[in-house]
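K.L.:
Predicted model, plus sequence, below.
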Amino acid sequence: MKNMIGRKIGMTQIFKEDGTIVPVTVVEAGPLVVVQKKTTEIDGYNAIQVGFENEKEQKINKPLKGHFEKGNIEYKKYLKEFKVENPDQYEIGQEFKVDVFEIGDMVDVTGISKGKGTQGVIKRHKFGRGRETHGSKFHRAPGGMSAGTYPGRVFKGHRMAGRMGNERVTVQNLEIVRVDIDRNLILIKGAIPGPKKGVVTIKQTVKK
């Protein structure tokens with residue numbers, strides 16, 4: 001299973017042997033623990049549920065406590081399912097570390113993008129601004145909303161001011177440049193979604 005949950009540490013750069021600079025994002029990934037197996041006969045699909053990062057007992061509710069104690073597993077902060085072809089290949093309590101990935105693997109990274117609050121159309125949609133001189137009263141306004149008498153309303157999907165960021169974003173086809181097994185670190189070429197310390201999901205790119 002070439003899937004992993006991790007926490008974004010930040011960005012840096014490394015040098016290749018030929019001297020070229022590669023911008024990379026450092027992700028502290030895993031270890032993941034198998035918490036539950038799901039099968040077609042019982043659940044309608046094949047998957048395994050994994051847990052990431054230990055959590056304090058007082059922050060776990062009773063249903064989740066029973067869920068973890070059933071498999072004799074430490075309490076986890078994050079739970080996520082990954083679909084697999086054969087759940088019987090995995091055991092409850094089995095651990096996965098960053099060594100599931102190799103240098104050169106291509107992955108898709110999913111995270112929650114940085115929230116930027118309510119923004120106007122210039123920042124949110126890259127609208128052009130009005131002139132600042134000669135008595136112009138149009139500077140950062142959104143402009144016309146729609147036609148007048150007909151249709152007499154604003155069409156759905158019209159680009160306007162509103163919430164920006166804080167959305168689920170996936171960046172595809174990113175290359176793994178380095179894997180540090182001792183420190184559970186993965187170095188991914190380029191930028192990935194989310195702020196520092198944000199939780200991300202790393203999946204192997206599916207070739208079509």
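P.N.:
On my side now, so go ahead.
K.L.:
what's the residue lying closest to residue 161 once chain neighbours are set aside sitting at in phi/psi?
P.N.:
The shortest distance from residue 161 to any residue other than its chain neighbours is 4.7 Å, reached at residue 120 (C-beta to C-beta, 6 or more residues apart in numbering). For glycine as for every other residue, the C-beta is placed from the backbone atoms N, C-alpha and C. Note on residue 120: backbone dihedrals following degrees, to the nearest 10 are phi -80, psi 180.
K.L.:
Before we move on, what's the pLDDT of the residue nearest the centre of the chain?
P.N.:
Taking C-alpha atoms, centre = their mean, the centroid of the chain lies closest to residue 111, which sits 1.6 Å from it. Listed pLDDT for residue 111 reads 96.
K.L.:
now the helices for this structure?
P.N.:
For the chain, the helices defined by DSSP state H cover 40-43, 62-70, 121-125.
K.L.:
How about residues contacting the first one?
P.N.:
Taking contacts as C-beta atoms under 8 Å, 6 or more residues apart in numbering, the residues outside helix 40-43 that touch it are residue 46.
K.L.:
From residue 4, how far out is the residue of the chain positioned farthest from its centre?
P.N.:
Of all residues in the chain, residue 134 has its C-alpha farthest from the mean position, at 47.3 Å, by C-alpha atoms, centre = their mean. Here the distance between residue 134 and residue 4 works out to 58 Å (C-beta to C-beta, to the nearest Å).
K.L.:
any idea of the pLDDT on the residue nearest to residue 161?
P.N.:
For residue 120, the predicted pLDDT is 96.
K.L.:
Count the neighbours of it for me.
P.N.:
Using other C-beta atoms under 10 Å, the number of residues around residue 120 comes to 16.
K.L.:
re the thing from before, looking at the helices of the chain, which is closest to residue 94?
P.N.:
Evaluated with C-beta to C-beta, the helices of the chain place helix 62-70 nearest to residue 94, the distance being 14.8 Å.
K.L.:
mean confidence score for the closest one?
P.N.:
Rounded mean pLDDT across helix 62-70 is 92.
K.L.:
Can you show me the CA trace of that helix as CSV?
P.N.:
Extracted as CSV, the C-alpha positions of helix 62-70 are listed here (Å, rounded to 0.1, in the frame of the first residue of the first chain):
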residue,chain,number,x,y,z
LYS,A,62,-16.4,6.4,24.3
PRO,A,63,-17.3,5.0,20.9
LEU,A,64,-13.8,5.6,19.6
LYS,A,65,-12.3,4.2,22.8
GLY,A,66,-14.1,1.0,22.2
HIS,A,67,-13.1,1.1,18.5
PHE,A,68,-9.4,1.3,19.4
GLU,A,69,-9.5,-1.1,22.4
LYS,A,70,-11.1,-3.8,20.2
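K.L.:
Pull out the buried residues from that helix.
P.N.:
67, 68 (16 or more other C-beta atoms under 10 Å).
K.L.:
What is that helix packed up against?
P.N.:
strand 32-38 (3 or more C-beta pairs under 8 Å, 6 or more residues apart in numbering; DSSP states H and E).
K.L.:
Mark out where each domain of the protein begins and ends.
P.N.:
According to automatic domain parsing, the chain comprises the domains 3-116+169-204, 117-164.
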